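> Need the 3D shape of this:
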Amino acid sequence: NKQLDFNMFQSVIFLPGLLLVSIIIGLLSGIYPSLVISSYKPVNTLKGELKSGKKGTFLRRVFVVIQFSISISLILGVLIVISQLNYLEQRDFGYSKENIVVVPSFDENITLQSDLFKERVLDIPAVNSASRSRQMPGRTLPTAEVFFGHRNEEHGEMIDEIFVDEDFVNTLNIEIIAGRNFIKGSVSDSMNSVLMNETAFKMSGWETHEGKQLVHVPADGSDAMLNVIGVIKDIHFGDAKQTIEPMIMHYIPGNALLLIRADNIEETTVQIEALYSEIWPDRDFNSFTFDEAFNFQFFNERNFAGKIATFAGLAIFIACLGLFGLVTFITEQRTKEIGIRKVLGSSVSSIVFILTKDFAKWVLISNLIAWPITYYAMNRWLQNFAYQTTMKPILFIISGSVALIIALVTVSFHSIKAANANPVKSLKCE
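Numbering: from 1, shown residues only. The predicted model follows:
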């Protein structure tokens with residue numbers, strides 16, 4: 001009955017940092033026009049002599065480069081976060097998590113020999129297998145202290161443990177590499193037998209599991225000798241951000257979560273709900289897919305990516321507004337030049353190219369600034385994961401291309417308009 005509080009920001013300085021970035025972007029967008037306009041002399045303004053010197057040109061370039069550097073960094077950050085999440089979701093975790101629906105269905109009447117709800121569920125034609133488990137993937141697993149063989153030291157090894165029934169291994173398609181699975185109804189298996197993963201087996205130093213025992217010391221401190229009946233292939237059932245830990249499986253048939261593998265999840269869930277209501281008419285039916293339970297561990301990272309995407313969109317919008325204003329200003333200054341070029345036979349496309357190439361160059365410079373900074377920052381972020389994707393060059397190219405295309409579209413509107421203007425009117429412009 002505990003309420004979980006999911007904080008979408010891992011660091012307390014993240015939100016103030018994003019706020020600071022947005023303020024800087026806004027200031028950069030407003031400071032330059034204010035400086036330029038305030039620098040004009042009233043006499044020259046009334047005469048229409050609004051010309052920008054080398055200093056003004058330099059400031060224009062600096063502010064455009066800074067704005068697009070921020071935009072490119074945010075776009076690239078989103079792409080890397082999405083790439084990392086996709087990598088984790090598609091990685092082989094040692095078990096099959098597709099086509100499984102999970103139904104919380106605690107039943108105090110479950111015994112080693114009888115589980116009414118599970119047995120009725122298995123009668124549904126589309127259901128391939130079903131298993132009960134106490135844990136779901138992606139969560140912090142319970143741990144216990146164990147000694148391999150006998151208790152010969154003051155402190156043993158801390159290992160993870162999960163509690164499942166005899167069908168768990170088959171339902172999740174987990175490979176047993178040595179020994180056997182739990183046997184349904186076996187009192188011995190439920191009392192003092194465990195399966196261990198490869199990592200735990202390597203930690204033990206044993207050459208074989210046969211005839212081996214471990215001393216199990218749970219939180220209450222009561223020692224128990226457990227027989228190791230088999231070794232399973234390593235599965236990553238805990239937090240996907242961490243490495244695979246040594247783990248043991250206990251045979252407990254009366255767990256509250258029923259994992260059901262079926263051919264058609266949606267249709268089968270409807271049949272399971274009808275069966276559930278028949279057995280427990282006073283209970284509310286709840287279900288979720290195993291995939292959903294697995295992906296829920298990336299809740300914070302997905303919100304992190306969403307927030308960055310929002311700020312990236314805002315940064316691009318502000319940068320484009322500034323770029324749009326600068327294009328208008330520059331084309332007005334070069335009106336006479338455009339007219340002369342058209343009289344001398346220049347085509348509209350060549351004039352558009354001349355007007356846009358400088359802006360494209362500034363965006364390319366922004367890429368050279370944004371890429372190494374973002375690489376460093378996101379590489380630090382990836383250190384939070386034991387298993388990391390590679391920051392592929394294509395992600396950097398996409399982020400730069402998106403910014404370049406947006407910039408060119410913004411610039412082209414005024415460039416095409418200026419290039420199509422009547423050269424006679426352009427040459428009359430003072």
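> For the stretch 101-250 of the chain, which residues score under the pLDDT cut-off?
Scanning the stretch 101-250 of the chain for pLDDT under 70 picks out the ranges 112, 221.
> What segments of it are strands?
Secondary structure of the stretch 101-250 of the chain by DSSP state E, counting those that start in this stretch: the strands cover 127-133, 143-148, 157-164, 176-179, 193-197, 213-217, 224-232, 247-251.
> need these in a markdown table with mean neighbour count and distance to Val103, can you?
From N, CA and C alone the C-beta is placed, and that goes for glycine too. Listed next are the strands of the stretch 101-250 of the chain as a markdown table, based on neighbours: other C-beta atoms under 10 Å; distance: least, C-beta to C-beta, whole Å:
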| stretch | mean neighbour count | distance to Val103 |
| --- | --- | --- |
| strand 127-133 | 22 | 9 |
| strand 143-148 | 19 | 27 |
| strand 157-164 | 19 | 16 |
| strand 176-179 | 15 | 26 |
| strand 193-197 | 25 | 24 |
| strand 213-217 | 20 | 30 |
| strand 224-232 | 19 | 24 |
| strand 247-251 | 23 | 21 |
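> And whichever strand or helix holds Arg61, what does it pack against?
Using DSSP states H and E, the element containing Arg61 is helix 54-90. Contact analysis of helix 54-90 by 3 or more C-beta pairs under 8 Å, 6 or more residues apart in numbering; DSSP states H and E lists helix 14-39, helix 299-333, helix 348-382, helix 393-419 as its packing neighbours.
> Can you verify my assumption that Phe294 contacts Gln135?
No. If you go by C-beta atoms under 8 Å, Phe294 and Gln135 don't touch, sitting 12.0 Å apart.
> higher neighbour count, the two?
The residue with more neighbours, out of Phe294 and Gln135, is Phe294; 21 against 18, by other C-beta atoms under 10 Å.
> Am I right that the more buried one sits in a strand?
No. Phe294: not assigned to a strand; according to DSSP: H, G, I helix; E, B strand; the rest coil it is helix.
> Look up how far Leu85 lies from the residue nearest to it when sequence neighbours are not counted.
In space, Phe294 comes closest to Pro137 once its chain neighbours are excluded; the distance is 4.8 Å by C-beta to C-beta, 6 or more residues apart in numbering. Note on Pro137: its distance to Leu85, by C-beta to C-beta, to the nearest Å, is 15 Å.
> okay, these two: which has more neighbours?
Pro137 (24 against 19).
> roughly how far apart are that one and Asn384?
18 Å.
> what about Thr410, neighbour count?
Thr410, neighbours per other C-beta under 10 Å, totals 21.
> pLDDT value on it, please?
The confidence metric pLDDT takes the value 77 at Thr410.
> Since that was my last question, I'll sign off now.
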